[in-house]
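Chemist: okay, predicted coordinates and the sequence, questions at the end:
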Amino acid sequence: MNWNLICPICSCVIDSFRALKNLNSHCRCTICHVDLVAALDDMIAITFTVSPSIRRIAYHDPGILPAEDYLLRYASAPEGLIPDGTPFAKVKEKLMALKPQIRMLWTSEDDWNKAMQANQFDVATYWVSAVWRAQRKFNLPVELVIPKEGVIGWFDGLTVAKDAPHPDVAQQFIDFMVSPEFYVKWETDVGAPISANAAADAQLPASDPSKALVADKAVMDRVHFVRPISDERKKEFQEMWDEVKAYYAK
């Protein structure tokens, strides 16, 4: 039997110990980059597994687990809460309760920009790069704000499809997309997602808003990056969201 300390934001296991006396009053989630006060009522889960002295299983050696097993099964738990402490099971109720405050569920940048031009809303969620494009291409009076409650961040990737007929050409295209030669012009002229290529970032002008955003540690500490989730949990989220959208459409 183990006691697991669960992050109330992402539901990852922060720490695991054999006895509660080893619990510290403060902890840090390395996935969310936030410091937390350990709460026994909301953040502790008990797990049971077979003793290694009886029979060894793969999870006794987490360091050699495949990435999927480690992230989705070993280092995660279903007892996650949203940031204000509400269980995931009640997320749908909270989303439905927001209906009087929601003007629209936008599906594209074009939808968002047209609604903003028509003064359909004053506050809305948007991608960081889309904010820069709205400012530069459409002269919309919008400003990026990272609320104190935090925002969701994620990593996009470029990959070569399996059995691609010209993988070498595809790889050259990917290299060009992330190269300083292309990325700097894309970001400064149009507005691009924040790059993971340090060489490209280094060539951005000091006035670039994405560069300033990343350099602001206080802001970046409020960015909670999404983690992999199982297909089962993904299906649950999609079904919940479909119900919420149907409710909003009434």
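Modeler: Alright, I've got the coordinates.
Chemist: and the helix or strand harbouring Val169, C-alpha only, in CSV?
Modeler: Here Val169, judged by DSSP states H and E, is contained in helix 167-178. As requested, the backbone C-alpha atoms of helix 167-178 are provided in CSV (Å, rounded to 0.1, in the frame of the first residue of the first chain):
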residue,chain,number,x,y,z
PRO,A,167,10.3,11.6,-46.2
ASP,A,168,13.5,13.4,-47.0
VAL,A,169,11.6,16.3,-48.6
ALA,A,170,9.1,16.3,-45.7
GLN,A,171,12.0,16.6,-43.2
GLN,A,172,13.5,19.5,-45.2
PHE,A,173,10.1,21.2,-45.0
ILE,A,174,10.0,20.8,-41.3
ASP,A,175,13.5,22.1,-40.9
PHE,A,176,12.6,25.1,-42.9
MET,A,177,9.5,25.8,-40.9
VAL,A,178,11.4,26.0,-37.6
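Chemist: mind listing what's buried in it?
Modeler: For helix 167-178, the neighbour count (16 or more other CB atoms under 10 Å) marks no residue as buried. The C-beta positions use only the backbone N, C-alpha and C, and glycine is treated the same way.
Chemist: tell me the centre residue of the protein?
Modeler: Val226 (2.5 Å; CA atoms, centre = their mean).
Chemist: is Ile152 bridged to anything, and to what?
Modeler: Ile152 has the following beta-bridge partners by DSSP bridges: His224.
Chemist: show me what the host helix or strand of Trp132 is packed up against.
Modeler: When elements are assigned from DSSP H and E, Trp132 belongs to helix 128-138. Applying 3 or more CB pairs under 8 Å, 6 or more residues apart in numbering; DSSP states H and E, we find helix 128-138 packed against helix 109-117, helix 209-215.
Chemist: could you dump those to TSV with distance to Leu144 and mean pLDDT?
Modeler: Shown next, in TSV, are these (distance: least, CB to CB, whole Å; pLDDT from 0 to 100):
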stretch	distance to Leu144	mean pLDDT
helix 109-117	13	92
helix 209-215	7	91
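Chemist: would TSV of those helices with mean neighbour count and distance to Cys12 be doable?
Modeler: Output for the helices and strands packed on helix 128-138, formatted as TSV (neighbours: other CB atoms under 10 Å; distance: least, CB to CB, whole Å):
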stretch	mean neighbour count	distance to Cys12
helix 109-117	16	32
helix 209-215	16	23
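Chemist: who are the packing partners of the longest helix seen in the chain?
Modeler: In the chain, assigned by DSSP state H, the helix with the most residues is helix 231-248. When contacts are defined as 3+ CB pairs under 8 Å, 6+ apart, helix 231-248 sits against helix 91-97.
Chemist: to the chain's geometric centre, what's the distance from the helix it packs on?
Modeler: 20 Å (CA atoms, centre = their mean, to the nearest Å).
Chemist: for it, buried residues please.
Modeler: Neighbour-count burial for helix 91-97 flags 91-92, 95 (criterion: 16+ other CB under 10 Å).
Chemist: pipe the helices and strands packed on helix 128-138 into a markdown table and attach distance to Ala164 per row.
Modeler: Shown next, in a markdown table, are the helices and strands packed on helix 128-138 (distance: least, CB to CB, whole Å):
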| stretch | distance to Ala164 |
| --- | --- |
| helix 109-117 | 28 |
| helix 209-215 | 30 |
